[in-house]
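Q: Mind looking at a prediction? Sequence and model below.
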Amino acid sequence: MPAILCPRCRKLINSEAPVCSFCGLRRPGMFGLANTLRRLGAQVDFARLIIFFCGGLYVLALLVDPGAIFQPRDMMRMLAPSRRASLMFGMTGRVVLDAGHWWTVVTAIYLHGGLLHIAFNMLWVRQLGRVVEDIFGSFRLFIIFTVGGVTGFILSAMMGNALTLGASGSIFGLLAAAVEYGRRTGAQMFTRQFLQWALILFIFGLVFPGVDNWAHAGGFAGGYGAAYLLGRDSGDEGLGTYMLAGFCLLATVGAFLLQGMAMLSMR
């Protein structure tokens, strides 16, 4: 029979056991599905999926309003989707949230405002995604990415930013997760490296116009908090992690469905 670590007591048990013989947790192997979910997490490259999804939405946003492609822009907004297209796909901000479109704090994570914007962010997702996945696991990576993006946009809207979008809040959440891991394990060099990267990106946001540093700060706080809570349950990803990751996935799918309904109602 396949064996797993009990999500509660971390003892080795039969994945199909109705009750953990050590701590009494009922259905610790989720009716034998725990190993399947663990293999799925090992097989799915969440960072790559995020990159492909963001890239696909970026292309679709350009195609919705192709005239915007040829409008003169500065370097940071080269090949930028129009504001109308970005709003259609789920841009967020104080103006949008005041209109009741609360789900855009999720959809806006996957939208970008130009070629350099998406290229820069996806390079960071690729780099940090692998690090955080190695430390926390695939499902925890997705949770931290989602929480960082949402908390970033909430703080940005609270501070008065009218419109915003992009994965940078989530990226700062991944940076914070690496920092939290370094502090928890006493790896000072590891912690210092990622804090330096975060500081450089914050300074970058102060130098270049149009960068939402409030979203960065909120994403860092949210990512650190999520990593702290998830890191308390060390070892293999268990039932609680699968449920949280499933909730994040349902929230993401649901947010885009709500945005699609809102788009249809605007026509």
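A: Structure's in. What do you need? Numbers count the residues shown, from 1 in each chain.

Q: can you list the domains in this protein?
A: 1-43, 46-266 (automatic domain parsing).

Q: Distance of Gly113 relative to Met261?
A: 24 Å (Cβ to Cβ, to the nearest Å). From N, CA and C alone the C-beta is placed, and that goes for glycine too.

Q: Those two: which has the busier surroundings?
A: Each of Gly113 and Met261 has its neighbours counted (other Cβ atoms under 10 Å); Gly113 has more, 23 against 11.

Q: related to what we said a few turns ago, pick the most buried one from the domains of the chain.
A: With neighbours taken as mean count of other Cβ atoms under 10 Å, the domains of the chain reach their highest mean count in domain 46-266, at a mean of 19.

Q: Now find how far off-centre stretch 179-187 is within its chain.
A: How far stretch 179-187 lies from its chain's middle: 21 Å, per Cα atoms, centre = their mean, to the nearest Å.

Q: Dump that stretch to PDB, keeping only the CA atoms.
A: Below are the C-alpha coordinates for stretch 179-187, written out as PDB (Å, rounded to 0.1, in the frame of the first residue of the first chain):
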ATOM      1  CA  VAL A 179      13.200  36.000   3.100                       C
ATOM      2  CA  GLU A 180      10.900  34.400   5.600                       C
ATOM      3  CA  TYR A 181      12.400  31.000   5.000                       C
ATOM      4  CA  GLY A 182      16.000  32.400   5.400                       C
ATOM      5  CA  ARG A 183      15.100  34.000   8.700                       C
ATOM      6  CA  ARG A 184      13.300  30.900  10.000                       C
ATOM      7  CA  THR A 185      16.200  28.600   9.100                       C
ATOM      8  CA  GLY A 186      19.000  31.000  10.100                       C
ATOM      9  CA  ALA A 187      20.400  31.200   6.600                       C
END
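
Q: Could I get the average pLDDT for it?
A: What stretch 179-187 shows for mean pLDDT is 89.

Q: now do stretch 97-105
A: Rounded mean pLDDT across stretch 97-105 is 96.

Q: For it, output the C-alpha coordinates as CSV.
A: C-alpha atoms of stretch 97-105 as CSV (Å, rounded to 0.1, in the frame of the first residue of the first chain):
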residue,chain,number,x,y,z
LEU,A,97,-13.2,48.5,-6.7
ASP,A,98,-15.5,51.5,-5.9
ALA,A,99,-17.7,50.3,-8.8
GLY,A,100,-18.1,46.9,-7.0
HIS,A,101,-15.7,44.8,-9.1
TRP,A,102,-13.9,43.3,-6.0
TRP,A,103,-12.8,40.2,-8.0
THR,A,104,-10.4,42.3,-10.0
VAL,A,105,-7.8,42.1,-7.2
